[in-house]
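# Please work out how this folds:
(one chain, ligands or ions: 1)
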Amino acid sequence: MFFPTDVLTVLTDQRTEIRHDQVRVPFELDRPVYEQVDKVLRDMGGRWDGRKKVRAHVFPYRIEEFMRQCLAAGEYPSKNEQGWYATPPALVTQVVDLAGIRAGDTVLEPSAGAGAMTADIASRGGLVDAVELDERRAQILRSQGDCRKVTEADFLGLDPLDWEQGYDRIVMNPPFNNGLDHILHAVQFMKDDGILVAIMNQGLMWWSDQKSTDFREVVEEVGGDIERLPDDSFAVSGTGVRTCLVYLPGYAGSRLRTHDWLMRQPRQLDLFEFAA
Ligand SMILES: C[S@@+](CC[C@H](N)C(=O)[O-])C[C@H]1O[C@@H](n2cnc3c(N)ncnc32)[C@H](O)[C@@H]1O
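Next up, the predicted model:
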């Protein structure tokens, strides 16, 4: 989306403060201009915090570098494009804690958005590779510098066999409309003893289609868990979508089709060829 001219003028005004996760306009605006600014900032994922000590639009991710690039381009990604709902900070901590990331672990974030989770993962010493479909969000991820590698691509179109090794951890908040496809694809990038943690549409806890029921069975079999998240978990990002948290630990011999499992297949085929 292009910034309306008046909004661009306000946001590039030297008096406007854009720091960390906040945008503050410390001068008077005409009502119609204020409304336009407010609309754009909300559309980018911000929410107005009118408390005296804040009085700013607060974002669930670091807006500073992101805004600099958007203003330079004159364009911004709307939060609803391609199902972008940034994970709020408290939930990021919960997800990354659950994944148990240790310094030096390789971590995949396959729908990384503007990096709400990659920053936390990197701060714990995780070596994080990100995939993101949206060109501008992929650029933001690169400029933030938290990731070892950023791939701008449709994750579902990536072939796990193009990766030499699987990941120790996979942490994800995929688009809500086809989240389970993303999770099942991501398992193929995980080591046998890896852990996958995903935020998913809460429907996964009761959907009765074959794919969802099979998945719940596998989660139980490997000692994983699907936990309901509070209904307002994404309120700060402007959506009331109900979510759950999937914890999927792998182990050698489980029926998960992990990256290690895929890598073992050619050797098995060789064996059969030899036997023939
Ligand atoms: C719900 S948002 C979550 C963003 C980020 N993981 C976070 O926690 O803040 C989903 C992200 O997935 C991206 N996305 C959608 N479809 C994708 C695909 N097929 N491959 C890679 N990324 C995709 C969207 O552009 C969006 O940024």
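# SS state for residue 131?
Under DSSP: H, G, I helix; E, B strand; the rest coil, residue 131 falls in the strand class.
# what's the spacing between it and residue 75?
To residue 75, residue 131 is 22 Å away according to Cβ to Cβ, to the nearest Å. Bear in mind the C-beta positions are built from the backbone N, C-alpha and C, glycine included.
# just residue 263 next, same as before
In this view, residue 263 and residue 75 are 41 Å apart by Cβ to Cβ.
# what about the two, which has more around it?
Neighbours per residue, other Cβ atoms under 10 Å: of residue 263 and residue 75, the larger number sits with residue 263, 16 against 12.
# who's in contact with the residue of the stretch 1-150 of the chain found nearest the ligand?
The stretch 1-150 of the chain approaches the ligand most closely through residue 113 (2.5 Å), counting by Cβ to the nearest ligand atom. By Cβ atoms under 8 Å, 6 or more residues apart in numbering, the contact list for residue 113 reads 61, 84, 86-87, 132, 137, 173.
# mind running it again at 10 Å?
45, 61, 77, 79, 82-87, 130, 132-134, 137-138, 140-141, 173, 175 (Cβ atoms under 10 Å, 6 or more residues apart in numbering).
# Take the residues you listed and keep only those in strands.
Among these, the members found in strands (DSSP state E) are 130, 132.
# so which of the contacts of residue 113 also contact the ligand?
82-87, 132-134, 137, 173, 175 (Cβ under 6 Å from any ligand atom).
# Now go through those and say which are in helices.
Using DSSP state H, the subset of these located in helices is residue 137.
# Spatially, which two of the ones next to the ligand among the contacts of residue 113 are the most separated?
87 and 133 (16.6 Å; Cβ to Cβ).
# So for those two, which residue has more residues nearby?
A direct count of neighbours by other Cβ under 10 Å for residue 87 and residue 133 places residue 87 higher, at 26 against 22.
# Show me which residues of the stretch 1-150 of the chain sit near the ligand.
Residues of the stretch 1-150 of the chain lying close to the ligand by Cβ under 6 Å from any ligand atom are 82-87, 111-113, 116-117, 131-134, 137.
# Show me just the buried residues among these.
Neighbour counting over those (16 or more other Cβ atoms under 10 Å) leaves 83-87, 111-113, 116-117, 131-134, 137 as the buried ones.
# ok, these vs residue 38, which is closest?
residue 86 (18.2 Å).
# How much space separates the closest one from residue 206?
With Cβ to Cβ as the criterion, residue 86 and residue 206 are 26 Å apart.
# Over to residue 126?
Per Cβ to Cβ, residue 126 is found 33 Å from residue 206.
# Any idea which helix or strand in the protein has the lowest mean pLDDT?
helix 259-275 (a mean of 69; mean pLDDT, DSSP states H and E).
# can you tell me the helix or strand for residue 66?
Residue 66 is part of helix 64-73, with elements assigned from DSSP states H and E.
# After that helix, which helix or strand is next?
helix 89-99.
# Now residue 87. Nearest residue, chain neighbours left out?
Distance criterion Cβ to Cβ, 6 or more residues apart in numbering; nearest residue to residue 87, sequence neighbours excluded, is residue 116 at 4.5 Å.
# No further questions, thank you.
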